[in-house]
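Participant: okay, structure incoming, though there's no sequence with it:
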C-alpha cells in the first residue's frame, strides 16, 4: 500500500469510504504486517512519551547544559498576563517544555524530528484539555498527522540540512494543523487546506541554530509552530481554501529548500548563529563545555 | 514496490534528546559495537570524526555512545548518566577527536572495544539522521548495513563453497535470507547476511564451528519503531 500524495490518501478515503485515520491504520497494518492492536500499542506509547515530556518540562528543573534554556516553560505558565486566554499560554508553555526536556537529554518522541518535537505534544495535550477529547480520538489524530508527515517526507524533507526549519517546525505545524482539523470534525479536504496554510506560513524558514545546538531558536519556534497550527486549522474549519493545493505547497517547500543556501540549513554558521551575539554564545558555551 | 516508511518513523523515533543524529544514532553505533564484541566490554577507545568531533559536547554524543556500549537503547534515560554508570561498572574509556576527515560521513565514530574475556572488535559507523545509521567498517573490512533487520556478520577464509555452506546452515533451520553482501579482502571474505527472523543460537554455533570461519556475530535490529509493538 503506497501513498505518495495527500490527494492519493483523500482519493483512497473516498473510494473505500474511510476517514484519514482509518486509511493510515490500514497502511501501517498492511505494509508492516501488524494487527490493529499492535499499531495502537505503538500509538499509545508515542502519546504517552509526548505527555510525559510535556509534564517533565512543566514540573522538573530544566536547564540545558549550555545554559541557553532555563525553565522557560514554567516561567510562561506562571505569567499573569494572557495574550489570548489561558489556553494559548498553556499550549505555548507545553511546546517549550518539550524543547527544554529534549535539550536536557530527556526522552521525547521525535515527531517528526527532535528539533520540532514540541509542536504535536503541545497541540494534542491542549486539544484533550480544551475540548475534552477522549484519548482514543487523540490516537486517531496521531494517525492523521502521520499521513501529513509521510507525504511531506516523500516529497520534501524533514532534515534541517535539506529543507531548513521549514522541514522541521514547518512540517510539524502542518501535521499538528491536520490533527486539530480532524479532531474538530473537518473533512479530508479541510485537513489538506490546514496543511497548506501551515506550510505556507513556514515557507523558507531557515535552520540557524546558535552553536549548532537544538536550543536557540528551535525551542521558541516550536511554540510559534503551535500557534501556526491552531490558526491554520481555524481557517480550514471555516471553509477557507488554500488557493495553492497542499500537495503543490509541499512540492514548493522542496524547491525552496533546494534553493536555500547551505549556510542556512543547519550549518550553525548562518542567520542567527552568525549574529554577533550568536557567535559570542557559541564561544562561551563550547569553552565552558570543555 | 519498495519498502514503505512506517508511521512510527514519522511519529518517532522515541529517543533521548537532543539530536536524532548526534545522540540517538550515536548510541546505536555504540550498541552495535557491543553486540559485535559479544562480551562485557572493559575498555573502549572511541574516535569521533567531523561534526561528531566538533559538537559532541553540546549534543551529548559522548554520553550516547558510552550508553550504547553499556547496552542502553536510544530511548533509555540512563544515557544521561552513562559516564557515571560506566565508571561504576568498571569500564575504562577514552575519546579521540578528528575534526576533518573527508573520507568519512560528517557524523562518524570508530569504536574499539575490549571485552572482559579478552575479545576485541573495531567498528566504524555513521549516523545519517533520524536515528538511522550505517555500519561501514568491521575489523578493517568495508561493510555496509543499517541494522534494521536481524543481521549476521561473518568473517571467514575465502574458500570455494563457503557461501553455500553458510546459507545451507541458515536454511536448515528455515531461516530466510533477505539480503546478503560479500566483500573480499586478500584471503578473507566478509559476509553480511540480513534475515527476516533472528538466527537461532544453534545456527550461529553451527556456522562458528566451520573450521574456516573466524568470526560470527548476531546483530539485533534496534528499531524503536518495532520495539514499541511489544508489551
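Facilitator: Cool, got the structure. Fair warning: this is a prediction, and the values are worked out from it, not measured in the lab.
Participant: the residue sitting nearest the centre point of chain B and chain A: what is the separation?
Facilitator: Nearest residue to the geometric centre of chain B (C-alpha atoms, centre = their mean): residue B:32, 2.5 Å. Noted for residue B:32: a distance of 20 Å to chain A, by C-beta to the nearest C-beta, to the nearest Å. All C-beta atoms are positioned from the backbone trio N, CA, C, and that covers glycine.
Participant: now do the SS call for that residue.
Facilitator: Following DSSP: H, G, I helix; E, B strand; the rest coil, we place residue B:32 in the helix state.
Participant: can you give me the helices in the stretch 51-200 of chain A?
Facilitator: A:72-78, A:86-103, A:119-131, A:135-155, A:160-165, A:171-183, A:188-202 (DSSP state H, counting those that start in this stretch).
Participant: now mean neighbour count too, for those, in JSON lines please.
Facilitator: Supplementary listing: the helices of the stretch 51-200 of chain A in JSON lines, determined by neighbours: other C-beta atoms under 10 Å in any protein chain shown:
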{"stretch": "helix A:72-78", "mean neighbour count": "18"}
{"stretch": "helix A:86-103", "mean neighbour count": "26"}
{"stretch": "helix A:119-131", "mean neighbour count": "24"}
{"stretch": "helix A:135-155", "mean neighbour count": "23"}
{"stretch": "helix A:160-165", "mean neighbour count": "25"}
{"stretch": "helix A:171-183", "mean neighbour count": "32"}
{"stretch": "helix A:188-202", "mean neighbour count": "26"}
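Participant: lowest average confidence across the ones you listed, which one?
Facilitator: Among those, helix A:160-165 carries the lowest mean pLDDT, at a mean of 93.
Participant: that one: how far from the chain's middle?
Facilitator: Helix A:160-165 has its C-alpha centroid displaced from the chain centroid by 14 Å (C-alpha atoms, centre = their mean, to the nearest Å).
Participant: pretty sure residue A:155 sits against residue A:257.
Facilitator: No - using C-beta atoms under 8 Å, residue A:155 is not in contact with residue A:257, being 10.8 Å away.
Participant: what's the overlap in contacts for the two?
Facilitator: Both residue A:155 and residue A:257 lack any common contact, where contact means C-beta atoms under 8 Å, 6 or more residues apart in numbering or on different chains.
Participant: got the residues of chain B near chain A?
Facilitator: Neighbours of chain A within chain B, by C-beta under 8 Å from any C-beta of the partner chain: B:1, B:4-20, B:23-24, B:51, B:54-55, B:57-60, B:63, B:75, B:77, B:79-80, B:129-131, B:225, B:228-231.
Participant: again, only this time at 7 Å
Facilitator: Counting by C-beta under 7 Å from any C-beta of the partner chain, the positions of chain B adjacent to chain A are B:1, B:4-8, B:10-20, B:55, B:57-58, B:60, B:75, B:77, B:79-80, B:129, B:228-229, B:231.
Participant: mark which of the residues you listed are buried, thanks.
Facilitator: B:4-8, B:10-20, B:55, B:57-58, B:60, B:75, B:79-80, B:129, B:228-229 (16 or more other C-beta atoms under 10 Å in any protein chain shown).
Participant: which one is the closest residue to chain A within chain B nearest to, not counting chain neighbours?
Facilitator: Nearest residue of chain B to chain A (C-beta to the nearest C-beta) works out as residue B:17 at 3.3 Å. Excluding the flanking residues, the one nearest residue B:17 by C-beta to C-beta, 6 or more residues apart in numbering or on different chains is residue A:102, at 3.3 Å.
Participant: how about a markdown table for the helices of the stretch 51-200 of chain A, with distance to residue A:1 added?
Facilitator: Formatted as a markdown table, the helices of the stretch 51-200 of chain A follow (distance: least, C-beta to C-beta, whole Å):
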| stretch | distance to residue A:1 |
| --- | --- |
| helix A:72-78 | 39 |
| helix A:86-103 | 31 |
| helix A:119-131 | 24 |
| helix A:135-155 | 11 |
| helix A:160-165 | 26 |
| helix A:171-183 | 19 |
| helix A:188-202 | 17 |
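Participant: domains in chain B, as residue ranges please.
Facilitator: B:7-138, B:149-231 (automatic domain parsing).
Participant: among these, which is nearest residue A:271?
Facilitator: Closest approach to residue A:271 among the domains of chain B is made by domain B:7-138 (17.1 Å; C-beta to C-beta).
Participant: distance from that closest one to the middle of the chain?
Facilitator: With C-alpha atoms, centre = their mean, you get 9 Å for domain B:7-138.
Participant: please apply the same query to stretch A:160-178.
Facilitator: Per C-alpha atoms, centre = their mean, the centroid offset for stretch A:160-178 relative to its chain is 6 Å.
Participant: ok, residue A:152 touching residue A:252?
Facilitator: No - contact criterion C-beta atoms under 7 Å: residue A:152 and residue A:252 do not qualify, at 11.9 Å.
Participant: kindly report the residues of chain A close to chain B.
Facilitator: So chain A meets chain B at A:2, A:24, A:28, A:31-32, A:34, A:38, A:41-42, A:45-46, A:49, A:66, A:101-103, A:105-114, A:142-143, A:146, A:149-150, A:153, A:159, A:211-214, A:285-286, A:289 (C-beta under 7 Å from any C-beta).
Participant: quick one: buried ones out of the residues you listed?
Facilitator: By 16+ other C-beta under 10 Å, the residues of chain A next to chain B give A:24, A:28, A:31-32, A:34, A:38, A:41-42, A:45-46, A:49, A:66, A:101-103, A:105-114, A:142-143, A:146, A:149-150, A:153, A:159, A:211-214, A:285-286 as buried.
Participant: which phi and psi does the residue of chain B closest to chain A have?
Facilitator: phi -70, psi 180 (degrees, to the nearest 10).
Participant: ok, now which ones touch the closest residue to chain B within chain A?
Facilitator: Nearest to chain B, among the residues of chain A, is residue A:102, at 3.3 Å (C-beta to the nearest C-beta). Residue A:102 makes contacts with A:108, A:114, A:117, A:214, B:17, B:18, as judged by C-beta atoms under 7 Å, 6 or more residues apart in numbering or on different chains.
Participant: give me that answer again for 10 Å
Facilitator: A:53, A:57, A:62, A:64, A:69, A:108, A:110, A:114-118, A:214-215, A:218-219, A:222, B:15-19, B:23 (C-beta atoms under 10 Å, 6 or more residues apart in numbering or on different chains).
Participant: can you check residue B:106 too?
Facilitator: Contacts of residue B:106 by C-beta under 10 Å, 6+ apart are A:161, B:21, B:49, B:50, B:51, B:52, B:53, B:54, B:126, B:127, B:128.
Participant: try it again at 6 Å.
Facilitator: Taking C-beta atoms under 6 Å, 6 or more residues apart in numbering or on different chains, we find residue B:106 in contact with B:50, B:51.
Participant: repeat that for the one 5 residues further on.
Facilitator: Going by C-beta under 6 Å, 6+ apart, residue B:111 touches B:33, B:46, B:123.
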